[in-house]
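Colleague: sequence-free structure coming up:
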């Protein structure tokens, strides 16, 4: 039971890191990304493949996952941040589908549908590995929180908000809108990569179906639920959306219907949250 | 040669997907993801109803269901939210949420396994014919023909009927159309009804040809939206883009295994965007150079 609790809390921390990083991309930079789940997946694969196939140590694997995901995210952003926001959303959705296809079919690199198994965890001496992971996830989530809060308050964060609400104004004042957005997306991707590496450790086994569109939608739901302007809200969204399904697991649902039911709840949650937010905004005005 | 034929056939089917989506997108500028759910709902409607009430009645039922779902999305989701000032991207996210709800409801009730139905008129449609030296099933040819005919009908409808003219007016200048007495709200509903009807037919076609599963709709939607974006949202342009995508997909089969096929529309979209981004950068750069020269001169 206590091990199970460790797992759930670690998972909540991992998704808090993911949703805080999407919060920067969506809430500050105004970029509606539907690729965050698959960026997490890329981080998980970089960590998983390097540690199991290339014999890299877990610590180096984590760093490689963060850097590698940031680079790929920057490349995606470089060709897409100039688009309308809904075109950007579609492009990131398409990127999500593409990466899953590549992970499934490029079997010589990714082991295809078999997935990557026996992924090692960070370990120090002979401490309980699950407890170690929990502590690492808590520590990293706390660090991410502090870092993203500082980033949001910094000049960079303020410029991001300005370039999201009035890009032409920022351009006219000489602000580099394109590069601001690409940098924000790269930082967000780094966060997703970190969450991905931890996710791979926690799961021990990763396969392409884990990183299909529903994961991006889940992280998006966390950010929307928590309020796009608040880093703490993103954490809260992650805790609630990881907590609810775990609670549902104890209610009498069988395993087959639990998956779709969860998705239905997330879908409805997105719709209702947006509806309520818009309502409160107009009634105040 | 056979690859060319297959490319044209799938291009025509993609054209129907794209035309149905761009009809709605042009008039409303909504990234209507529920469209993907309309596609699967029509197919499941037919699959459930045809053993009970026969093929013809089931097809009618499925198409009514498509129209109800498409129009329902406009009336119950987009319109109230747009009235509250929702931006385009929020409508897109809400639409995605609604799509997820429908897809998973279907999966919850009927499971994730692929479903198929017996081919109607099987004595004719299950024969193989040779066209351009390539063997192809009559069903595939018929589906391409139906898609082409529906698209032609849509183009003619937009061109020559008064409702078609009103749709075009709303597409080009919604405010002006409103001022000249066109009921914009009704026209939007009409595009949702028409687009949903067309994608419902496409759903039945896929059910009969390859079968369908709850997640079949999203890849269809991606093809439709890529063709619409590349075709500059015009009904003709997106059809041409679809044919191009069908041919590209066939050409890809020469170098890649068939499992890579779903990557095609995404690769085309990303390629298109890279070129587009480079062009935008070039224009900015040229503009700056021009500005510098003018300041200097």
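Modeller: Sure, I can see it. The structure displayed is predicted, hence computed values, not measured ones. Residues are numbered from 1 along each chain as shown, chains lettered A, B, ... in the order given.
Colleague: which residues does residue B:212 bridge with?
Modeller: Each beta-bridge partner of residue B:212 is listed here, defined by DSSP bridges: residue B:115.
Colleague: give me every residue that touches it.
Modeller: B:40, B:43-44, B:47, B:114-116, B:203, B:206 (CB atoms under 8 Å, 6 or more residues apart in numbering or on different chains). Bear in mind the C-beta positions are built from the backbone N, C-alpha and C, glycine included.
Colleague: of the residues you listed, buried ones?
Modeller: Taking 16 or more other CB atoms under 10 Å in any protein chain shown as the criterion, what is buried in these is B:40, B:43-44, B:47, B:115, B:203, B:206.
Colleague: Now these in TSV, please, with extra columns for distance to residue A:78, pLDDT and secondary structure.
Modeller: Listed next are the buried ones among the contacts of residue B:212 as TSV, based on distance: CB to CB, whole Å; pLDDT from 0 to 100; DSSP: H, G, I helix; E, B strand; the rest coil:
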residue	distance to residue A:78	pLDDT	secondary structure
B:40	35	94	helix
B:43	39	92	helix
B:44	41	93	helix
B:47	44	91	helix
B:115	42	85	strand
B:203	37	89	helix
B:206	36	88	helix
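Colleague: where do the helices sit along chain A?
Modeller: A:2-23, A:36-53, A:58-80, A:85-105, A:107-110, A:129-153, A:155-165, A:167-172, A:177-203, A:213-226, A:231-250, A:255-284 (DSSP state H).
Colleague: For the fourth one, name the packing helices and strands.
Modeller: Applying 3 or more CB pairs under 8 Å, 6 or more residues apart in numbering or on different chains; DSSP states H and E, we find helix A:85-105 packed against helix A:36-53, helix A:58-80, helix A:107-110, helix A:213-226, helix B:88-110, helix B:217-230, helix B:263-296.
Colleague: okay, the ones you listed in CSV with distance to residue A:20 next?
Modeller: Listed next are the helices and strands packed on helix A:85-105 as CSV, based on distance: least, CB to CB, whole Å:
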stretch, distance to residue A:20
helix A:36-53, 11
helix A:58-80, 14
helix A:107-110, 27
helix A:213-226, 9
helix B:88-110, 19
helix B:217-230, 28
helix B:263-296, 27
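Colleague: And these: which comes nearest residue B:240?
Modeller: Nearest to residue B:240 among these is helix B:217-230 (8.7 Å), distances taken as CB to CB.
Colleague: Mean neighbour count, distance to residue B:270 and mean pLDDT for the helices of chain A - can I get that in a markdown table?
Modeller: As requested, those are arranged in a markdown table below (neighbours: other CB atoms under 10 Å in any protein chain shown; distance: least, CB to CB, whole Å; pLDDT from 0 to 100):
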| stretch | mean neighbour count | distance to residue B:270 | mean pLDDT |
| --- | --- | --- | --- |
| helix A:2-23 | 23 | 21 | 86 |
| helix A:36-53 | 27 | 14 | 91 |
| helix A:58-80 | 21 | 7 | 90 |
| helix A:85-105 | 22 | 7 | 86 |
| helix A:107-110 | 13 | 19 | 78 |
| helix A:129-153 | 17 | 29 | 86 |
| helix A:155-165 | 17 | 23 | 81 |
| helix A:167-172 | 13 | 23 | 80 |
| helix A:177-203 | 26 | 15 | 89 |
| helix A:213-226 | 24 | 17 | 84 |
| helix A:231-250 | 19 | 28 | 78 |
| helix A:255-284 | 16 | 26 | 75 |
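Colleague: Of all the ones you listed, which one comes closest to residue B:294?
Modeller: Between residue B:294 and those, the shortest separation by CB to CB is 17.9 Å, and it involves helix A:167-172.
Colleague: returning to that earlier point: nearest to residue B:176, out of the helices of chain A?
Modeller: Of these, the one closest to residue B:176 (CB to CB) turns out to be helix A:85-105, at 23.5 Å.
Colleague: In the stretch 51-200 of chain B, where is pLDDT below threshold?
Modeller: Scanning the stretch 51-200 of chain B with the threshold set as pLDDT under 70 gives B:121-126, B:131-134.
Colleague: the helices in it, which residues?
Modeller: For the stretch 51-200 of chain B, the helices identified by DSSP state H, counting those that start in this stretch occupy B:55-72, B:79-83, B:88-110, B:122-125, B:138-160, B:162-172, B:174-179, B:184-209, in order along the chain.
Colleague: Would you mind saying which of those helices lies nearest chain A?
Modeller: The stretch from those with the least distance to chain A (CB to the nearest CB) is helix B:88-110; that distance is 3.7 Å.
Colleague: packing partners for that closest one?
Modeller: Helices and strands touching helix B:88-110, as assessed by 3+ CB pairs under 8 Å, 6+ apart, comprise helix A:85-105, helix A:213-226, helix A:255-284, helix B:34-53, helix B:79-83, helix B:217-230.
Colleague: Can I get those helices in CSV including distance to residue B:93?
Modeller: Formatted as CSV, the entries for those read as follows, by distance: least, CB to CB, whole Å:
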stretch, distance to residue B:93
helix A:85-105, 8
helix A:213-226, 7
helix A:255-284, 6
helix B:34-53, 12
helix B:79-83, 10
helix B:217-230, 15
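Colleague: To residue B:148, which of those helices lies closest?
Modeller: Going by CB to CB, the one of those nearest residue B:148 is helix B:217-230, 14.9 Å.
Colleague: do that closest one and chain A meet?
Modeller: Yes - part of helix B:217-230 sits near chain A under the criterion CB under 8 Å from any CB of the partner chain, namely B:218-219, B:222, B:225-226, B:229.
Colleague: Show the model's pLDDT score for residue B:19.
Modeller: With respect to pLDDT, residue B:19 has a value of 90.
Colleague: Output the contacting helices and strands for the helix or strand harbouring it.
Modeller: Using DSSP states H and E, residue B:19 maps to helix B:2-28. Packing contacts for helix B:2-28, counted by 3+ CB pairs under 8 Å, 6+ apart, involve helix B:34-53, strand B:134-137, helix B:138-160, helix B:162-172, helix B:184-209, helix B:217-230, helix B:235-255.
Colleague: Name the stretch among the ones you listed that sits most buried.
Modeller: With neighbours taken as mean count of other CB atoms under 10 Å in any protein chain shown, those reach their highest mean count in helix B:217-230, at a mean of 25.
Colleague: Could you list every helix and strand that that one packs against?
Modeller: Packing partners of helix B:217-230 (3+ CB pairs under 8 Å, 6+ apart): helix A:85-105, helix B:2-28, helix B:34-53, helix B:88-110, helix B:184-209, helix B:235-255, helix B:263-296.
Colleague: And the last one, how far out from the chain middle?
Modeller: Averaged C-alpha coordinates place helix B:263-296 at 28 Å from its chain's average position (CA atoms, centre = their mean, to the nearest Å).
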